Structure formats: structure tokens, C-alpha cells
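Undergrad: Test case, fold it:
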Amino acid sequence: MTGARARCSPDRPPICRGRSGTHRHAPARSSTKRHKAAQGNTEQHEATRSSTKRRRIGMRGGRLPGPRTARRHSARHAVPHGAAFPDNPEGGLIMSHPINARRRRLLGTTLAGISLVDLGLGGFAHAQSAPRATSAAGVARAAGGASFDTIHQIDAGVLNVGYADVGPKGGPAVILLHGWPYDIHSFAEVAPLLAAAGYRVIVPYLRGYGTTRFLSADTPRNGQQAVTAVDIIALMDALKIDRAVLGGFDWGARTAGIIAAAWPQRCHALVSVSGYLIGSQEANRKPLAPKAELAWWYQFYFATERGAAGYAANRDDFNRLIWQLASPRWRFDDETFARSAASFRNPDHVAIVVHNYRWRLGLAQGEPQYDALEKRLAAAPAIAAPTITLEGDANGAPHPEPAAYAMKFTGKYRHRDIAGGIGHNLPQEAPKAFADAILQAAHL
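TA: Numbers count the residues shown, from 1 in each chain. Below is the predicted model:
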């Protein structure tokens with residue numbers, strides 16, 4: 001819908017409706033709290049001016065966004081982030097129950113803003129003259145680490161995709177992709193660093209996570225490797241992003257690598273944790289050494305109906321265990337895990353995860369429209385985009401050695417080992433190292 005929005009009053013209700021759509025507000029802060037340090041009319045006036053200034057520059061002082069900010073986000077149904085979603089442990093492995101993709105059962109409140117130090121880092125060549133951000137609108141800090149305070153929604157392909165959008169809208173695009181069992185918060189401290197350097201940072205929930213929903217109940221809940229790459233291409237098209245720096249780990253690294261290989265014109269540069277992860281059902285039929293098979297224990301668990309039921313019933317405990325095994329030296333707290341665990345309440349999460357691992361072993365079929373792409377991927381195509389691969393020195397998850405995949409990157413290429421007890425969730429455990437790699441890959 002088009003047209004001017006209805007102006008929101010200062011004592012606006014939780015939900016406002018205008019001609020261009022519906023948007024939600026976090027509860028307004030009381031004037032008593034806003035001015036409790038003010039004494040006299042002059043000091044109150046100065047405090048009010050200061051509060052208004054902070055709101056204009058993007059929540060720098062922990063103030064909630066005002067109506068102007070809300071209007072700017074409403075076109076894509078932006079909503080406050082931080083709430084859990086209804087669980088659906090009985091959902092089928094291929095089909096979920098019918099969903100209204102526009103319903104958002106979000107119960108949390110908007111978190112406070114986070115200020116950034118000017119980093120002095122550049123974007124693409126044309127972004128180096130862009131003003132450097134002094135705060136990261138869209139990113140907030142709470143106990144346990146940073147979070148995204150606003151999640152946007154947009155129809156893209158077969159999905160209504162939830163995504164964070166941080167940084168100047170005119171900046172060169174960076175798309176960051178999470179893995180399993182993680183979510184967009186793996187990049188909550190990476191995004192502000194890139195935004196401060198002039199980049200527009202898009203961090204989507206993959207299918208089966210967070211607020212991303214299927215538009216139709218009839219779409220198979222398919223987790224094969226090709227489909228997540230197609231999802232991201234559809235998202236880029238919906239956002240009118242022709243080309244981006246792509247970065248990811250785990251499922252996200254595989255997805256970014258597939259896009260770089262199959263759609264090279266859409267990938268400006270690539271940052272991939274654990275290198276080249278494109279695989280095939282044929283390659284996965286070959287048995288590994290016993291020690292390597294042991295590391296993939298959960299893959300065999302998901303191959304059974306008992307495993308699927310166990311994951312549906314115990315996903316939080318299961319995923320916390322994976323975090324601990326994959327990053328044995330990462331001392332994350334309960335708040336950090338809980339923030340990501342809310343994403344696993346997605347009604348399609350179990351179906352997508354189980355199908356992904358069954359598909360890898362040839363125990364489940366993909367959709368025929370992706371057969372041609374899977375055939376190309378089975379040939380292990382080279383990646384010509386400028387690439388930096390990263391590996392943590394304490395990665396407890398199965399991963400290849402850098403020497404095994406270096407030749408797959410035929411363009412400008414660098415590999416870096418990240419020391420300090422860094423495990424599988426490298427962007428969240430070492431955000432500066434990951435952000436530095438993104439910035440440097442863009443200029444290789």
C-alpha cells in the first residue's frame with residue numbers, strides 16, 4: 001500500500017494503523033525517568049533537547065525510536081525483536097501446520113542502543129567517502145551480549161523472511177549467514193563494526209529459524225543445500241541488492257559458497273569459516289574414518305524417527321550441547337544462549353533441520369526444481385570471488401583442513417587461523433576478527 005502514514009501521538013497505543021500498514025511501538029518511557037536528574041525549568045529544557053538529539057542519531061543514549069523512525073521501518077513490517085515464538089514440537093518432518101505469514105506473536109520489548117567508536121575503516125571503493133557512523137541504529141546491548149532491536153519482514157521467493165538491516169541504506173551491501181544451531185545473533189557484534197565503516201549489513205534468519213515463515217503450507221519443508229542459496233538470491237532480489245560481500249559459518253558458509261560458485265555476479269567477495277563446504281549426496285555416501293564418524297553423531301541421530309522426536313522435545317538442551325561441543329572454550333552465559341534459542345521455536349525448525357541432515361545422507365529427497373543446481377554443486381565448482389577463509393583454534397565441530405580446500409578458491413585468496421580458544425561459532429566468539437576479514441576481503 002502507498003500513501004502517507006497516520007501520525008502517531010506521543011501517548012501512542014502499542015499498535016498504530018495507517019494507510020501504509022501496521023506497526024508496533026515499544027512502551028514509551030515515563031517522563032519521570034527521562035528527567036529524574038533535571039532540576040528546574042532550564043535543566044528540564046536541556047534534558048529534553050538532549051533526549052531529542054539522541055533519538056535523531058539512532059538510539060545512541062538508550063532511547064527508544066520515535067514515530068519518525070517507526071514510519072521509516074513500517075514499509076517492510078518492522079517489529080521489535082527479542083521475543084520467543086510458540087513451540088510446535090508436533091510439526092511434521094516435511095509439512096508444518098498452516099501459518100499466516102503476516103502474524104507476528106512478538107512479546108518482547110525493544111532493547112537499548114549501543115554506541116560505537118569510530119573505526120576509520122572503509123567499505124567498497126565508493127563507500128570510503130561515506131560519513132562514518134557514530135552509533136549503530138538497530139543494534140542494542142543487554143545482559144549476555146548484543147542483540148538486534150528491530151527485525152524487518154519481506155516476501156522473497158517462497159518465504160516471508162525476517163532480517164536485521166543495520167547501517168546506511170546507501171552503503172555497499174554485506175549479507176551475513178548463520179548456521180545450525182545458531183541464528184542472527186552470531187553477528188550482533190559484527191554488524192555494528194561493519195555499519196560504522198559505511199556498510200549496509202543484512203542478517204537474515206534462514207528458513208526454519210526466527211521470524212522467517214513459509215508463505216504457503218503446501219511448500220515442502222526442504223533443507224537441502226541448494227535451497228538455502230536460492231532463498232538468499234530471492235532475498236537479494238526482493239531488497240534490490242545486485243551484489244554483496246557474503247560471509248557465513250556452518251550452513252551459512254556453505255550457502256555463501258554456493259552463491260559465489262553458482263551466481264558469481266552476485267558475490268563481490270566471500271568470507272567463509274572452515275573454507276569450502278559445498279557437498280553432495282554422492283560424496284556423503286563414502287564412509288569416513290571411525291573418529292570422523294563419531295564427530296557426526298547427531299547426523300545419524302537425526303536419521304531416525306526417535307532422533308527427530310528427541311530433537312523436537314529437547315531442542316534447547318540438544319542445541320546447548322552442540323554449542324558446548326563445537327566451542328569447548330567459549331564460556332557463553334544463559335542469556336546469550338536464550339537469545340538464540342528463541343529462534344528454534346520456529347514451527348518449521350525441526351522439519352528443516354532433520355530434512356537437511358537426512359538429505360545429506362541420501363535418506364530424503366530434495367525438490368526436483370533444484371536437481372540441475374545440485375548436479376552443478378556435486379562437481380565441486382571452483383570459487384573465483386576474492387575470498388578469506390577463517391578457522392578457530394578450538395573448533396570442536398567437524399571441519400576440513402585448510403590445505404584440503406585452498407585450491408578450490410581460484411581468485412585472490414587468504415586463509416587465517418584465529419587464536420584464543422575460538423570455536424565453531426567464530427563470528428560471535430571473535431567478532432572483530434570476522435569483521436576485519438569482511439572489510440579486507442572487499443578490497444582484495
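Undergrad: now the strands for the stretch 301-444 of the chain?
TA: Remark: strands assigned in the stretch 301-444 of the chain by DSSP state E, counting those that start in this stretch are 387-392, 413-418.
Undergrad: quick one: which of those strands is nearest Asp371?
TA: Asp371 lies closest to strand 387-392 among the strands of the stretch 301-444 of the chain, at 27.2 Å (CB to CB). Bear in mind the C-beta positions are built from the backbone N, C-alpha and C, glycine included.
Undergrad: What is that closest one packed up against?
TA: Strand 387-392 makes packing contacts with strand 267-273, helix 402-405, strand 413-418, helix 426-429, helix 431-441 when contacts are defined by 3 or more CB pairs under 8 Å, 6 or more residues apart in numbering; DSSP states H and E.
Undergrad: Flag every buried residue along the second one.
TA: Which is helix 402-405. Going by neighbour count (16 or more other CB atoms under 10 Å), the buried part of helix 402-405 is 402, 405.
Undergrad: the strands in the stretch 151-300 of the chain, which residues?
TA: Secondary structure of the stretch 151-300 of the chain (DSSP E, counting those that start in this stretch): strands located at 159-166, 173-177, 200-204, 213-214, 244-248, 267-273.
Undergrad: mind giving me CSV with the ones you listed and columns for mean neighbour count, mean pLDDT and distance to Arg315?
TA: As requested, the strands of the stretch 151-300 of the chain are exported to CSV (neighbours: other CB atoms under 10 Å; pLDDT from 0 to 100; distance: least, CB to CB, whole Å):
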stretch, mean neighbour count, mean pLDDT, distance to Arg315
strand 159-166, 25, 99, 19
strand 173-177, 28, 99, 21
strand 200-204, 27, 99, 21
strand 213-214, 24, 99, 18
strand 244-248, 28, 99, 22
strand 267-273, 26, 99, 23
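Undergrad: Next, format those as JSON lines and append distance to Asp417.
TA: Below are those laid out as JSON lines (distance: least, CB to CB, whole Å):
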{"stretch": "strand 159-166", "distance to Asp417": "28"}
{"stretch": "strand 173-177", "distance to Asp417": "21"}
{"stretch": "strand 200-204", "distance to Asp417": "25"}
{"stretch": "strand 213-214", "distance to Asp417": "38"}
{"stretch": "strand 244-248", "distance to Asp417": "17"}
{"stretch": "strand 267-273", "distance to Asp417": "11"}
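Undergrad: re the thing from before, return the most buried member of the strands of the stretch 301-444 of the chain.
TA: Sort the strands of the stretch 301-444 of the chain by mean neighbour count, taking mean count of other CB atoms under 10 Å, and strand 387-392 sits at the top with a mean of 25.
Undergrad: on that earlier part again, output the strands of the stretch 301-444 of the chain as JSON lines; include the columns mean pLDDT and distance to Asp250.
TA: Listed next are the strands of the stretch 301-444 of the chain as JSON lines, based on pLDDT from 0 to 100; distance: least, CB to CB, whole Å:
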{"stretch": "strand 387-392", "mean pLDDT": "99", "distance to Asp250": "12"}
{"stretch": "strand 413-418", "mean pLDDT": "98", "distance to Asp250": "15"}
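Undergrad: Nearest to Gly362, out of the ones you listed?
TA: Going by CB to CB, the one of the strands of the stretch 301-444 of the chain nearest Gly362 is strand 387-392, 27.7 Å.
Undergrad: Now do the closest one against strand 267-273, angle only.
TA: For strand 387-392 against strand 267-273, the angle by axes from the mean of the first three to the mean of the last three CA atoms, to 10 degrees is 20 degrees.
Undergrad: Compute the inter-axis angle for strand 387-392 and strand 244-248.
TA: For strand 387-392 against strand 244-248, the angle by the same axes, to 10 degrees is 20 degrees.
Undergrad: pretty sure Asp242 is in contact with Arg266, am I right?
TA: Yes. Under the contact definition of CB atoms under 8 Å, Asp242 touches Arg266, with a separation of 7.1 Å.
Undergrad: Between those two, which is the more surrounded one?
TA: A count of neighbours by other CB atoms under 10 Å puts Arg266 above the other of Asp242 and Arg266, at 19 against 10.
Undergrad: hmm, back to that, compare the strands of the stretch 301-444 of the chain and give me the one nearest Trp323.
TA: That would be strand 387-392 among the strands of the stretch 301-444 of the chain, by CB to CB, at 13.4 Å.
Undergrad: Which helix in the chain has the most residues?
TA: Ranked by residue count, the top helix of the chain under DSSP state H comes out as helix 305-326.
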